[in-house]
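Colleague: fold the following, please.
(chains A, B, C and D)
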4 protein chains.
Amino acid sequence: MTEEQRQKAISALHDCMAACNHCFDACLQEENIDHMRACIRLDRECADMCGYLEHALLRNSPFVGELAQACAVICDRCREECGKHDHDHCQQCAEACRTCADVCRQLLA
Amino acid sequence: MTEEQRQKAISALHDCMAACNHCFDACLQEENIDHMRACIRLDRECADMCGYLEHALLRNSPFVGELAQACAVICDRCREECGKHDHDHCQQCAEACRTCADVCRQLLA
Amino acid sequence: MTEEQRQKAISALHDCMAACNHCFDACLQEENIDHMRACIRLDRECADMCGYLEHALLRNSPFVGELAQACAVICDRCREECGKHDHDHCQQCAEACRTCADVCRQLLA
Amino acid sequence: MTEEQRQKAISALHDCMAACNHCFDACLQEENIDHMRACIRLDRECADMCGYLEHALLRNSPFVGELAQACAVICDRCREECGKHDHDHCQQCAEACRTCADVCRQLLA
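Modeller: Presented below is the predicted three-dimensional model:
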């Protein structure tokens, strides 16, 4: 991992964590909350994991690879779910998840 | 804080974290999810904070007092909200929150 | 995953998280702290990850498999390091890590 | 809390979390680790709490006030300790803690 890759990963993880937390909050206020169940659950999962991996990078954890593998899968699933909904917060979250999953996979390469 | 108080606190925090996480999961599957919005949000808040304080106790953190003060307030609010709902998971969560808030206040005494 | 496996995993993860947090605290007070550098770092990594996975199980996360895979590796490495030291807290931590890594691998089976 | 205050707080909390995690990692590699015991412990406490409060802000938690109160105290103590050491990472961490404690107190005003 180069320092440039590391900084890019920290930034993408942070953006994704923020987008997921915002989407969680916004979904809980949506009129059609009945359709947002999976989104709410996955937003929490993805926010927590992206935050976790970002901290791991920042403390120079020896387990960035193992965590990035899990994080990529979680971002993929959150992106799939958020991508189904037209709400701006969902679309923005899906986009952040796509970027973040890519960055996680680059950490593994 | 005596060792007995410490063990009691660790146990109450753990029970409350588990009850809140279970309630979060169950609320997301309730037919009347429209009424569970506040509950879902507070379950996450309370689960995370109880887990945080439990870990702090276990690592001998110098900030148990500050964290217990915040945790007691969070448990109070989660108990109030869960107490409004008849679902078993909500009633059990309210009960765990009540015990946990008491224990947090004993840590402050 | 049977309910029995789930309960066993929750318990092993909690024990390992507690042992690692205690070992972290104790290592920071050891006279020979110069030899405990890797132990302190790995205790934090392992405590955090075991706590994370335990919460994931309790909230019925869809990503238990991915997280258990990472957690098993982290427990292995913490066990190896703690196993090198004669301090009671290190030996107890190594033992908790061994059990926990086994349980994580059973979650994957 | 205005949106400007909120953004400023998110940014200060993130910077402080990053500085504390970097200081934790660097302290564990210092030759004079014997003098860094308190710093290592407080870096972990402060990194975790700043990260926690940042996430709380991002998910629109109702408990930002309670958490900011605890976070300000933790930042103060980490700043005091890091301020005693000449290492660049300690001085930078102390500076980030000072800014972050101020921002936490503004959240309370």
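Colleague: would you mind confirming that residue A:21 makes contact with residue D:55?
Modeller: Yes. Using Cβ atoms under 8 Å, residue A:21 is in contact with residue D:55, at 6.2 Å. Any C-beta I mention is one placed from the backbone N, CA and C, and that applies to glycine too.
Colleague: now the common contact residues for the two.
Modeller: Common contacts of residue A:21 and residue D:55 (Cβ atoms under 8 Å, 6 or more residues apart in numbering or on different chains): residue A:47.
Colleague: out of these two, which sits in the more crowded spot?
Modeller: Each of residue A:21 and residue D:55 has its neighbours counted (other Cβ atoms under 10 Å in any protein chain shown); residue A:21 has more, 26 against 21.
Colleague: contact partners for the more buried one?
Modeller: For residue A:21, the contacting residues are A:43, A:47, D:55, D:58, D:59, by Cβ under 8 Å, 6+ apart.
Colleague: what's the farthest-apart pair in those?
Modeller: Maximum pairwise distance in the contacts of residue A:21, criterion Cβ to Cβ, is 12.0 Å, between A:43 and D:55.
Colleague: show me the shaky parts of chain A.
Modeller: By pLDDT under 70, chain A has no low-scoring segment.
Colleague: go with 90
Modeller: Counting by pLDDT under 90, the ranges of chain A that qualify are A:1-2, A:109.
Colleague: residues of it that sit close to chain C?
Modeller: By Cβ under 8 Å from any Cβ of the partner chain, the residues of chain A that approach chain C are A:41-42, A:44-45, A:48-49, A:52, A:56, A:59, A:61-63, A:66-67, A:69-70, A:73-74, A:77.
Colleague: hmm, back to that, by neighbours, which of the contacts of residue A:21 wins?
Modeller: Top of these by neighbour number is residue A:43, holding 29 neighbours under the definition other Cβ under 10 Å.
Colleague: that residue touches residue A:27, doesn't it?
Modeller: Yes. Contact criterion Cβ under 8 Å: residue A:43 and residue A:27 qualify, at 6.6 Å.
Colleague: and the residue lying closest to residue A:101 once chain neighbours are set aside, how many neighbours?
Modeller: Nearest non-adjacent residue to residue A:101, counting by Cβ to Cβ, 6 or more residues apart in numbering or on different chains: residue A:75, 3.8 Å away. By other Cβ under 10 Å, 31 other residues sit near residue A:75.
Colleague: does residue A:75 touch residue A:94 like I think?
Modeller: No. Residue A:75 is not in contact with residue A:94 according to Cβ under 8 Å; the separation is 9.9 Å.
Colleague: which of the residues of chain A next to chain C fall within strands?
Modeller: Using DSSP state E, the subset of these located in strands is empty.
Colleague: show me the helices in chain A, by range?
Modeller: Using DSSP state H, the helices of chain A run over residues A:3-27, A:37-58, A:64-82, A:88-108.
Colleague: could you check the angle helix B:37-58 makes with the first one?
Modeller: Just to be clear, that refers to helix A:3-27. 140 degrees (axes from the mean of the first three to the mean of the last three Cα atoms, to 10 degrees).
Colleague: so which bits of helix A:3-27 are buried?
Modeller: The neighbour-count check on helix A:3-27 (16 or more other Cβ atoms under 10 Å in any protein chain shown) flags A:8-10, A:12-27 as buried.
Colleague: gap between the closest residue to residue A:58 other than its chain neighbours and residue C:44?
Modeller: Closest residue to residue A:58 apart from its sequence neighbours, by Cβ to Cβ, 6+ apart: residue D:21 at 3.9 Å. Computed as Cβ to Cβ, to the nearest Å, the residue D:21 to residue C:44 distance reads 10 Å.
Colleague: same deal with residue A:39?
Modeller: Taken as Cβ to Cβ, the span from residue A:39 to residue C:44 is 32 Å.
Colleague: neighbour count: the two, which is higher?
Modeller: Neighbour totals were compared for residue A:39 and residue C:44, and residue A:39 leads with 27 against 23 (other Cβ under 10 Å).
Colleague: ok so, going back, quick one, what contacts the residue nearest to residue A:101?
Modeller: Listed by Cβ under 8 Å, 6+ apart, the contact partners of residue A:75 are A:16, A:46, A:49, A:50, A:97, A:98, A:100, A:101, A:104.
Colleague: wondering if stretch A:6-19 reaches chain B at all.
Modeller: No. Stretch A:6-19 stays clear of chain B (Cβ under 8 Å from any Cβ), getting no nearer than 13.9 Å.
Colleague: just the C-alpha atoms of that stretch, please, in PDB.
Modeller: What follows is stretch A:6-19 as a C-alpha-only set of coordinates in PDB (Å, rounded to 0.1, in the frame of the first residue of the first chain):
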ATOM      1  CA  ARG A   6      -3.700   4.900   2.100                       C
ATOM      2  CA  GLN A   7      -5.000   8.500   2.000                       C
ATOM      3  CA  LYS A   8      -7.400   7.700  -0.700                       C
ATOM      4  CA  ALA A   9      -8.800   4.800   1.300                       C
ATOM      5  CA  ILE A  10      -9.100   6.800   4.500                       C
ATOM      6  CA  SER A  11     -11.000   9.500   2.600                       C
ATOM      7  CA  ALA A  12     -13.300   7.000   0.800                       C
ATOM      8  CA  LEU A  13     -14.100   5.100   4.000                       C
ATOM      9  CA  HIS A  14     -14.900   8.300   5.800                       C
ATOM     10  CA  ASP A  15     -17.200   9.500   3.000                       C
ATOM     11  CA  CYS A  16     -19.000   6.200   3.000                       C
ATOM     12  CA  MET A  17     -19.400   6.100   6.800                       C
ATOM     13  CA  ALA A  18     -20.800   9.600   6.700                       C
ATOM     14  CA  ALA A  19     -23.200   8.800   3.800                       C
END
